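> no sequence on this one, just coordinates:
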């Protein structure tokens, strides 16, 4: 097969032309444009390089593809020490999923989370595992998280190290 030269400007214009009707449909359906948010948490040099290169290339072209089709965008640069526990936990989850594991082990993931965020995080953890076909093992003493995750629950008997199903009363009322 012979090599073909691509015109990047023409390809970008074609992509913008294809996206514009979809963005317009989204706006009419939801009353607002779709958004692209980049959350940069912490001081990972590789992430800094990636985000900065995207911003630099966008500046060189003079037109961001998101602006050309009406998508709002924002960059949130959050120092690691300033990110709340919920954001930090979700960043850890994203990093773990980026490794494409077959088994996701969450060891006490809700320990630092604010109580109102526990159930939502548990549901998101389950959705992420199911969407990728992963087995999920959550080690937790948090009943709210265990309930949000669902699935089979086992309890550790400290005296013997045995794993067993929770008692009938606990299964009924938790």
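Perfect, thanks for sending it. Note that the coordinates shown come from a computational prediction; the quantities given were computed from them, not determined experimentally. Residues are numbered from 1 along each chain as shown.
> Work out the gap between stretch 93-103 and the centre of the chain.
Averaging C-alpha positions (CA atoms, centre = their mean, to the nearest Å) puts stretch 93-103 11 Å from its chain's average.
> Now do the end-to-end distance for that stretch.
End-to-end distance for stretch 93-103: 13 Å, by CA to CA, to the nearest Å.
> which parts of it are buried?
residue 93 (16 or more other CB atoms under 10 Å). (C-beta placed from N, C-alpha, C; glycine too.)
> Run through who's touching it.
Stretch 93-103 is contacted from outside by 104, 109, 124-125, 128, 132, 134-137, using CB atoms under 8 Å, 6 or more residues apart in numbering.
> Show me those residues that map onto helices.
124-125, 128 (DSSP state H).
> Nearest to residue 143 among the contacts of stretch 93-103?
residue 109 (13.9 Å; CB to CB).
> That closest one against residue 141, yeah?
No. Using CB atoms under 8 Å, residue 109 makes no contact with residue 141, being 11.5 Å away.
> Neighbour count: these two, which is higher?
residue 109 (21 against 11; other CB atoms under 10 Å).
> Tell me the spacing between the more buried one and residue 133.
20 Å (CB to CB, to the nearest Å).
> cool, residue 47 as well?
For residue 47 relative to residue 133 (CB to CB), the value is 27 Å.
> Low-confidence bits of the chain, can you list those?
34-44, 51-81, 167-174 (pLDDT under 70).
> Just the buried positions in the top helix by length along it, please.
Secondary structure of the chain per DSSP H: the longest helix is helix 8-30. Residues 16, 19, 23 are the ones in helix 8-30 that count as buried (16+ other CB under 10 Å).
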